[in-house]
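Asker: predicted coordinates and the sequence they were generated for:
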Amino acid sequence: MEPLNSDVGFLVATDQLAVEPFTGSRYGTYKTTRMVDDRVRRAWDECSQDERKFLSHVKHYVTSRSFNTLLREVYAAYPEYASKSLFNG
C-alpha cells in the first residue's frame, strides 16, 4: 500500500476522516469528523493573530486550487516527491 493510502486508511479507521461517496469518483470526498473539528477549534483558539493570519492564507491558497493543480505546484517546488508518484495529471 502506498504511504498516502496508508495514512488515509489510518485516519478513516481512527474516526478522524469520513468518506462520502462522490458521483464520478472512485475515491469519494473526505471530510474531517466532529472529533477533529473540535480539536482544530481548540488549537485555533490558542493561536496568535499572526498564526491565524498565516493559517487563513494557507487555507485560502490550498482550497482555491484543484487537487491536480495543487499537486503539480508541490511537485514543481519539490521534485523529489514526484519521483515515486503515480500521479500523471
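Answerer: On my side now, so go ahead.
Asker: and the helices in this structure?
Answerer: In the chain, the segments counted as helices under DSSP state H are 3-13, 34-45, 49-63, 67-77, 79-82.
Asker: the fourth one packs against which elements?
Answerer: Same thing as helix 67-77. Here helix 67-77 touches helix 79-82, going by 3 or more Cβ pairs under 8 Å, 6 or more residues apart in numbering; DSSP states H and E. Placement of C-beta: from N, CA and C, glycine included.
Asker: go ahead and confirm Asp15 touches Met35.
Answerer: Yes. Under the criterion of Cβ atoms under 8 Å, Asp15 makes contact with Met35 at 6.2 Å.
Asker: test my guess that Cys47 contacts Lys53.
Answerer: No. Between Cys47 and Lys53 there is no contact under Cβ under 8 Å: 9.3 Å.
Asker: related to what we said a few turns ago, what would the helices of the chain look like in JSON lines with mean pLDDT, distance to Thr23 and mean neighbour count?
Answerer: Below are the helices of the chain laid out as JSON lines (pLDDT from 0 to 100; distance: least, Cβ to Cβ, whole Å; neighbours: other Cβ atoms under 10 Å):
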{"stretch": "helix 3-13", "mean pLDDT": "86", "distance to Thr23": "20", "mean neighbour count": "12"}
{"stretch": "helix 34-45", "mean pLDDT": "97", "distance to Thr23": "25", "mean neighbour count": "11"}
{"stretch": "helix 49-63", "mean pLDDT": "96", "distance to Thr23": "21", "mean neighbour count": "10"}
{"stretch": "helix 67-77", "mean pLDDT": "91", "distance to Thr23": "16", "mean neighbour count": "13"}
{"stretch": "helix 79-82", "mean pLDDT": "84", "distance to Thr23": "29", "mean neighbour count": "10"}
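Asker: closest to Tyr27 out of those?
Answerer: For the helices of the chain, the distance to Tyr27 is smallest for helix 3-13, at 9.1 Å, taking Cβ to Cβ.
Asker: domain ranges for the protein?
Answerer: Domain segmentation of the chain under automatic domain parsing yields 1-46, 47-89.
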